[in-house]
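1. no letters, just coordinates:
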């Protein structure tokens, strides 16, 4: 009988390790952060068109002594709650509710804070019938010209248009162990290699980690996390978030509205440009 050589699985790529941290079941969700850094949250319901989306929370709140509008998707903790909130994937009425609330913020000259942990927009038949793509596109257009400061934060997973429909902002921040990508690694692997098992390889190729998307110019700042991830010390992670938000809001308030809109437009026009010699 011959000895069989030991076969150890290849080590996880840093990008896939970040993906697992971004999806950790105990990781704080957007409303967990809002409850820690804001006071006097008053939720606004409904899109005035179809209904209220349980995967999206919007409302007025007070942050650092000033009135703000908060946009945050909801994922749920229990199995029943996760199913009800579609694991954090909004329907079109969720995006329309968010836009309605951002327009209220514009009316009362209040900054918008958008916290995002969205794997994707919900791909159900009903969502498509009610105009999912149109709702996301409208949000992107209207956010590009909203006449108040907007700060978006990728707190966990920022996936595709589902995230971008809430992230056309003057400043886009990302937590150290969050990810931001055009498609989940499993979906990319299924397309390129026809096998989702190559998700680790896909995550590495897609450059989805916070440091990668910062170097690509897709985000403006990285929020540090406690050792091991935000789930190990949510209170400390919320302190890091609040500190970054204070700094960026303070800087944005020094700009005129016209300058703010011009910079926002230029920012998104220049993303993904590259040059060859």
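-> Okay, I see it. Values in this document were obtained by computation on a predicted structure and should not be read as measured data. Residues are numbered from 1 along each chain as shown.
2. low pLDDT regions in the protein?
-> For the chain, the stretches with pLDDT under 70 are 1-11, 274-277.
3. strand partners (parallel or antiparallel) of the top strand by length along the chain?
-> Secondary structure assigned by DSSP state E gives strand 150-159 as the longest strand of the chain. The pairing partners recorded for strand 150-159 under DSSP bridges are strand 112-118 (parallel), strand 171-175 (parallel), strand 179-181 (parallel).
4. now tell me what touches the longest one from outside.
-> Contacts made with strand 112-118 from outside it, assessed by C-beta atoms under 8 Å, 6 or more residues apart in numbering, are listed as 29-31, 33-34, 63, 68-73, 75, 88-90, 98, 102, 105, 146, 148-159, 162-163, 166-167, 169, 178, 245. The C-beta positions use only the backbone N, C-alpha and C, and glycine is treated the same way.
5. cutoff 7 Å now
-> Strand 112-118 is touched from outside by 29-30, 33-34, 63, 68-73, 75, 88-90, 102, 105, 148, 150-159, 162-163, 166-167, 169, 245, with contacts defined as C-beta atoms under 7 Å, 6 or more residues apart in numbering.
6. how far does that strand sit from the chain's center?
-> 5 Å (C-alpha atoms, centre = their mean, to the nearest Å).
7. immediately after the longest helix along the chain, which helix or strand?
-> The longest helix of the chain (DSSP state H) is helix 234-252. Next helix or strand after helix 234-252 toward the C-terminus (DSSP states H and E): helix 257-270.
8. from residue 146, how far out is residue 69?
-> Residue 69 is 10 Å from residue 146, where distance means C-beta to C-beta, to the nearest Å.
9. between these two, what contacts are shared?
-> residue 102.
10. the nearest residue to residue 248 once chain neighbours are set aside: neighbour count?
-> Counting by C-beta to C-beta, 6 or more residues apart in numbering, residue 171 is the residue found nearest to residue 248 once chain neighbours are left out, at 4.6 Å. The number of residues packed around residue 171, counting by other C-beta atoms under 10 Å, is 21.
11. let's number from 633 now, not from 1
-> Right, with 633 as the first residue, what we last looked at is residue 803.
12. now do the contacts for residue 803.
-> Going by C-beta under 7 Å, 6+ apart, the list of residues near residue 803 reads 783, 852-853, 880, 884.
13. and the two most separated of those?
-> 853 and 884 (12.4 Å; C-beta to C-beta).
14. higher neighbour count, the two?
-> When neighbours are counted by other C-beta under 10 Å, residue 853 and residue 884 differ, and residue 884 comes out ahead with 20 against 15.
15. thought the more buried one was touching residue 782?
-> No. Counting by C-beta atoms under 7 Å, residue 782 is not a contact partner of residue 884; they are 8.5 Å apart.
16. that older thread, from the chain's centroid, how far away is the longest strand of the chain?
-> Computed by C-alpha atoms, centre = their mean, the chain-centroid distance of strand 782-791 equals 2 Å.
17. so which elements touch the helix or strand following that strand?
-> Using DSSP H and E, the helix or strand that follows strand 782-791 in sequence is helix 792-796. With contacts defined as 3 or more C-beta pairs under 7 Å, 6 or more residues apart in numbering; DSSP states H and E, the packing partners of helix 792-796 are strand 744-750.
18. moving C-terminal of the strand it packs on, what's the next helix or strand?
-> Strand 744-750 is succeeded, C-terminally, by helix 757-761 (DSSP H and E).
19. between the helix or strand just after that following helix and helix 889-902, how many degrees?
-> Later in the chain than helix 757-761, the nearest helix or strand by DSSP H and E is helix 764-776. Angle of helix 764-776 versus helix 889-902, following axes from the mean of the first three to the mean of the last three C-alpha atoms, to 10 degrees, is 130 degrees.
20. quick one: buried residues of the host helix or strand of residue 702?
-> Taking DSSP H and E as the criterion, residue 702 maps to strand 698-705. For strand 698-705, burial by neighbour count (16 or more other C-beta atoms under 10 Å) applies to 700-705.
21. closest to residue 679 out of those residues?
-> Once C-beta to C-beta is applied, the member of the buried residues of strand 698-705 that ends up nearest residue 679 is residue 703, at 12.9 Å.
22. quick one, what contacts the closest one?
-> 690, 730, 733, 744, 746, 798.
23. how much space separates the fourth one from residue 842?
-> Per C-beta to C-beta, residue 744 is found 22 Å from residue 842.
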